Structures are given as C-alpha cells and as structure tokens.
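# Output the structure for:
(one chain, ligands or ions: 1)
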Amino acid sequence: MARINDHYLKLAAGYLFPEIGRRVTAFQQANPKADVIRLGIGDVVLPLTPSVRQAMHDAVDEMAIAKSFKGYGPERGYDFLRDAIAKHDFRSRGVEIDPNEIFVSDGSKCDSGNIQEIFAEDATIAIPDPVYPVYVDTNVMAGRTGAAGSDGRYAGIQYLPCTEASGFLPALPKRPVDLVYLCSPNNPTGAVATKAELSKWVDWARANDAIILFDAAYERFVTDPALPRSIFEIEGARECAIEFRSYSKTAGFTGIRCAYVVVPKELTGRDANGGSVAVSKLWDRRTSTKFNGVSYPVQRAAEAIYSEAGSKEVQANIDYYMANAAIIRAGLAKAGFHTFGGVNAPYVWMKTPGGLDSWQFFDALLSKANVVGTPGSGFGSCGEGYLRLSSFGFREKVEEAVGRIVQHFA
Ligand SMILES: *Cc1c(COP(=O)(O)O)cnc(C)c1O
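Numbers count the residues shown, from 1 in each chain. As a prediction, this is how the structure comes out:
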C-alpha cells in the first residue's frame, strides 16, 4: 500500500456541514411534515443578474465561432477583467493596484487554502478563533501543526480569540509569527475591522516581518462608508499583505466560480539564506504551474458586474440580503437574544440562550422552530455558545423563520 499524507488524519473527522446535514435529515425523517427553513450554510439564493447572464451568453457565442474562439487563456486572467478590477474595486476608492498584481482564480476557498504552499513548511501562523475553517485545515494538511487537543485546537497554531469583550476582533499575536489570517467582514461573527484596527495590524506586521493574509470575501456587504473594504486602503499594507476577493457572495457566483488574489510587487519574504524574494514571483510560478485559468465566459460574466447596469443589479441583491439581516436582527432582539454582526456583513451571530452549548441550541432551534443555523463551535472553540444565522435566503423564508423563533423563544 502506498504511504498516505498522515497529516490528513489529524483533521477533525466530522466536518461541520456534513454533521448539520446528518442532523437535519434525521429530523426530517422523524418529522416528515415539518417545513424546515435553512439559514445555515452560507450559500446565496438569488439568481444571476441580467447583465451577468447576457455577458456569459455572448461569450459562449463568441466561443462557437472560429475567428473569436478562445482556447487556454492567460493563467493570471484576461486583461479586460484585471483592468476592470483595478479600476472599479481599487482606483475608485483611492487605491492603486497594478493589474499585474491581480491573479484571477476560480475561488477564494482555493486561494486562501493554497496560499500557504508558497511559505516555508515551518512557517509559524496565527489564526483568529472562530473563523472560516479553511485556514486551519489547510495548514494541518501541510504539516504545520501537531495533533488536535480535546478542545479541537491544533498544537503549533497561535489562536487569536475573538470574544464579545473585544467586539469579536482578534488581538495582536503575543508571540511573533510569519503569517496571520484575517477575515473582515468576518465569517462567522459579522464583525468588521475599522481603519484604525487594520492600521494596528499593518504596523505590527511591518515591525515584525509578518505577512497578513486578508480575506475580503464579504467586502461588498460593508454599508458604513467609513469602514475599509480592502486592506490596501491602509498605509503600508502593500509591504505586508495579500488580499483575497471573491464574486461568490458579491454577485451570486458560488456556482459560477470566480475570485482573485492581490499580491503587491513590494511584498517580500526571506529565503533560507536570509535573502529577500518577491512573494508575487512565487505565487505567479505556482499559478502558472498548477492552474490553467478561469473560463472565458466566466471572466466575461465577472466583468459585467462592473458595468453601470451590472453594478446596480449586484447592489440590489446585496441590499436584499442586508434587509434580511436587519429582519433577523430585529426579530432576535424582540425574542430577547443577544445578537452581533448583520450590519456590515451578511451573518448574524447570536448568543445561545440559557447556557446551552452551540449544538444543544442548534437542536432546540431545529426541533422547536424547524430552523437550521450553524453552531458557532464549528468555527473554533471560541465560537462555543454562539450560533450563526445567514441572511442568504428568500425574504418570505427569512420572515417565517424569524416569526417562528420569536414564537418559540420569546
Ligand atoms: C464564502 C467564502 C469565501 C469564498 O469562497 P469561494 O471559493 O470564492 O466561493 C472565502 N472566504 C470566506 C470567509 C467565505 O465565507
């Protein structure tokens, strides 16, 4: 038998979403008449907008004609999309990003999971708790950790607790690290770092020769104009940060697949001899070796969200989800729950009532209100005692779910 990668065996066996699925299926089998509403998994529900659909259709038609057919595209993405990104996502907010610093990809899950490959096997890392599980798991797979303890935490990772006392924002690492992951607006807590908060991180990273891996998958959900949408709005971030953006939640691309990474030219790491190496060179090398680019129709579809009509359509969908979030927040407050997030992020983070743990409350919510949430403990040990509700649902369903929660728990 061939030797396998033993590090995979350290991963917690029951990944969060399969376990939720198992419990929901068991409940439905026992209660076939129950109308279960899912506000659990963070997937969008609104269909593609007209501009996106038209752009994709047109691109498919181009591909069906010999003179405009396209085979392999550039690994880093077509210029038309990278130019549109530089102009609309950054220059419009006063940030200069060269299109050559942008790497178009098929998703931020892959990007935020793959980025660790270009750093040393013994690079040290800090990760907020709770957070999107991809950062921890991919570092476990790569062998940067020991085994998990009884609290689910892996030896070798410096966890940054995000608690109610700190507004669910992580404090600076106590010990120096090479890499730190940040996610703002946050999945799962909905917390958003202010400019002052991010400046603190950038100053720390520059003083400590660390790199910030900044996941901005939810930047479009920021409604307060004073809040940063990109780490590159912060002075000095070009020397210490990589940013991940995705069209998944922004434009309903979870099934279409398109995202991008920004790696500034100034960003460097050190080699075994202490020499300085441009990080973008390594990411470029990795991308061109392991990736053959995002399909042409998908990149045209992504470009369409920057047109005048496309941008309005996408904003309307975001407004729809954010109105859902406001309904969830208001309803939960009426039922006496303590809630967080849901103002500049599509997730509402709620404290479980009566000292129930996350899974106990998940079960109570499912059996009494027939509503599915996501147990906070699935995002890290500091998520224990919380539950995440997603605003990615149809209005009637969200209203119905909130009505039932008020009815059963108020
Ligand atoms: C949904 C999500 C992503 C996006 O993943 P894609 O692969 O682009 O669909 C990235 N980061 C976080 C924190 C997310 O919740």
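# Over in the stretch 301-410 of the chain, which residue gets nearest the ligand? Let me know.
Distances between the stretch 301-410 of the chain and the ligand by C-beta to the nearest ligand atom are smallest at Y347, namely 8.7 Å. C-beta here means a position set from N, CA and C on the backbone, and glycine is covered the same way.
# Who does that residue form a beta bridge with?
Note on Y347: beta-bridge partners S390, judged by DSSP bridges.
# Spit out the contact partners of K397.
By C-beta atoms under 8 Å, 6 or more residues apart in numbering, K397 lies in contact with I37.
# That one should be in a strand, yeah?
No: using DSSP: H, G, I helix; E, B strand; the rest coil, the assignment for K397 is helix, not a strand.
# ok, the closest residue to V279 other than its chain neighbours - contacts?
Computed as C-beta to C-beta, 6 or more residues apart in numbering, the closest residue to V279 that is not its neighbour in sequence is L267, at 4.5 Å. When contacts are counted by C-beta under 8 Å, 6+ apart, L267 touches 211, 238-242, 278-280.
# Would you confirm that the residue of the stretch 301-410 of the chain closest to the ligand contacts C183?
No: judged on C-beta atoms under 8 Å, Y347 makes no contact with C183 at a distance of 11.1 Å.
# what does the average pLDDT come to for the top helix by length along the chain?
Assignment by DSSP state H gives helix 308-334 as the longest helix of the chain. Helix 308-334 shows a mean pLDDT of 97 in the predicted model.
# Give me the distance from that helix to the chain's centre.
18 Å (C-alpha atoms, centre = their mean, to the nearest Å).
# right, and the helix or strand after it?
Once the chain leaves helix 308-334, the next helix or strand it forms, by DSSP states H and E, is strand 339-341.
# Pairing partners for that following strand, with directions?
Strand 339-341 is paired, per DSSP bridges, with strand 347-351 (antiparallel).
# how close does G342 get to E400?
Distance, G342 to E400, by C-beta to C-beta, to the nearest Å: 18 Å.
# between those two, which one's more packed in?
G342 (25 against 17; other C-beta atoms under 10 Å).
# can you pull the contacts of the more buried one?
190, 325-326, 328-329, 348-349, 391.
# Show me the two of these that sit farthest apart.
A326 and W349 (14.7 Å; C-beta to C-beta).
# out of the two, which sits in the busier spot?
Applying other C-beta under 10 Å to A326 and W349 shows that W349 carries more neighbours, namely 28 against 13.
# doesn't V343 make contact with that one?
No: with contact defined as C-beta under 8 Å, W349 does not count as touching V343 (11.2 Å).
# Now do the shared contacts for these two.
Taking C-beta under 8 Å, 6+ apart as the criterion, W349 and V343 both touch G190.
# does E303 count as helix, strand or coil?
Classification of E303 using three-state DSSP returns helix.
# dump the residue contacts of the one residue in the stretch 101-250 of the chain that gets nearest to the ligand.
In the stretch 101-250 of the chain, no residue comes nearer to the ligand than G107, which is 2.8 Å away by C-beta to the nearest ligand atom. Applying C-beta under 8 Å, 6+ apart to G107 gives the contacts 246, 248, 257-259.
# Recalculate using a threshold of 7 Å.
246, 248, 257, 259 (C-beta atoms under 7 Å, 6 or more residues apart in numbering).
# for N139, same thing?
With C-beta under 7 Å, 6+ apart, N139 has these contacts: 116, 125, 145, 157.
# And for Y321?
Contacts of Y321 (C-beta under 7 Å, 6+ apart): 346, 391-392.
# which stretch of helix or strand covers K249?
Here K249 is assigned to helix 247-251, by DSSP H and E.
# Just the buried residues of the host helix or strand of G403, please?
According to DSSP H and E, G403 maps onto helix 395-409. The neighbour-count check on helix 395-409 (16 or more other C-beta atoms under 10 Å) flags 397-402, 404-406, 409 as buried.
# Output the lowest mean pLDDT helix or strand found in the chain.
helix 16-30 (a mean of 92; mean pLDDT, DSSP states H and E).
# From the contact counts, what lies against it?
In terms of contacts (3 or more C-beta pairs under 7 Å, 6 or more residues apart in numbering; DSSP states H and E), helix 16-30 is packed against no helix or strand at all.
# after it, next one along is what?
Downstream of helix 16-30, the first helix or strand assigned by DSSP H and E is strand 37-38.
# Now do that next one: distance to the chain's middle.
21 Å.
# What of stretch 218-226?
14 Å.
# from the stretch 251-400 of the chain, which residue is nearest to the ligand?
Minimum separation of the stretch 251-400 of the chain from the ligand (C-beta to the nearest ligand atom) falls at A259, amounting to 4.2 Å.
# so what's that residue up against?
105-108, 111, 244-248.
# cool, and I256?
Taking C-beta under 7 Å, 6+ apart, one finds 298, 301 in contact with I256.
# so how far is A66 from the nearest residue to R270 once chain neighbours are set aside?
Ranked by C-beta to C-beta, 6+ apart and with sequence neighbours excluded, the top spatial neighbour of R270 is S276, at 6.1 Å. Here the criterion is C-beta to C-beta. By it, S276 lies 48 Å from A66.
# more crowded one of these two?
Using other C-beta under 10 Å, the more surrounded residue of S276 and A66 is S276, with 8 against 5.
# how does this protein divide into domains?
The record, using automatic domain parsing to delimit domains, assigns the chain the ranges 11-47+309-409, 52-307.
# G274: which element?
Counting by DSSP H and E, G274 is found in no helix or strand.
# Can you mark which positions in stretch 383-395 are buried?
383-393.
# er, stretch 2-20 I mean
For stretch 2-20, by 16+ other C-beta under 10 Å, it's 7, 10, 16, 20.
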